[in-house]
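next one to model:
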Amino acid sequence: MFTDEISGDGMIVIDGEIVETVYYWLTVVPKAGPVIAEGSISGSEDVMKKVKNAKTAKLTLMDGPTVALRCHGGKNGTRWVKAMKS
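Here you go, the predicted model:
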């Protein structure tokens, strides 16, 4: 089975404001739908808490596209996320 994984440094944007660069590691979801990919992001715990509590958190990937983020747990500077169509 072939899976597309994307990783690199991306920019976190919270409520329209650029916050910090984080490392992401995402697996592209094979079925078309609102979720594009899922995986993890890593950065300072302060920024991870902001991502979790934000009304609108987005990640601009190294390649250019921007995705909306939904947190699904994590701690110590890592959060499990789903990347949604922005």
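
contact partners for residue 78?
For residue 78, the contact set (CB atoms under 8 Å, 6 or more residues apart in numbering) comprises 40-42, 48. Glycine gets a C-beta too; all of them are placed from N, C-alpha and C.

so where's this protein uncertain?
For the chain, applying pLDDT under 70 flags the ranges 1-3.

can you list the neighbours in contact with the longest strand anywhere in the chain?
For the chain, the longest strand by residue count, based on DSSP state E, is strand 17-28. The list of residues contacting strand 17-28 from outside it, by CB under 8 Å, 6+ apart, reads 3-13, 36-44, 47, 50, 59, 61, 81, 83.

and it, which residues are buried?
19, 22, 24, 26 (16 or more other CB atoms under 10 Å).

name the strands paired with that strand and say parallel or antiparallel.
Within its sheet, and counting by DSSP bridges, strand 17-28 is paired with strand 5-14 (antiparallel), strand 35-42 (antiparallel).

I'd guess residue 70 is in a strand, am I close?
Yes - remark: residue 70 belongs to a strand, assigned using DSSP: H, G, I helix; E, B strand; the rest coil.

just to check, it is in contact with residue 86?
No - judged on CB atoms under 8 Å, residue 70 makes no contact with residue 86 at a distance of 11.8 Å.

in terms of neighbours, single out the busier of these two.
residue 70 (17 against 14; other CB atoms under 10 Å).

skip the chain neighbours and tell me the closest residue to the more buried one.
Sequence neighbours aside, residue 82 is the residue nearest to residue 70 in space, at 4.7 Å (criterion: CB to CB, 6 or more residues apart in numbering).

quick one: residues contacting the one you found.
Applying CB under 8 Å, 6+ apart, we find residue 82 in contact with 35, 37-38, 69-70, 72.

that concludes my questions; thank you for your assistance.
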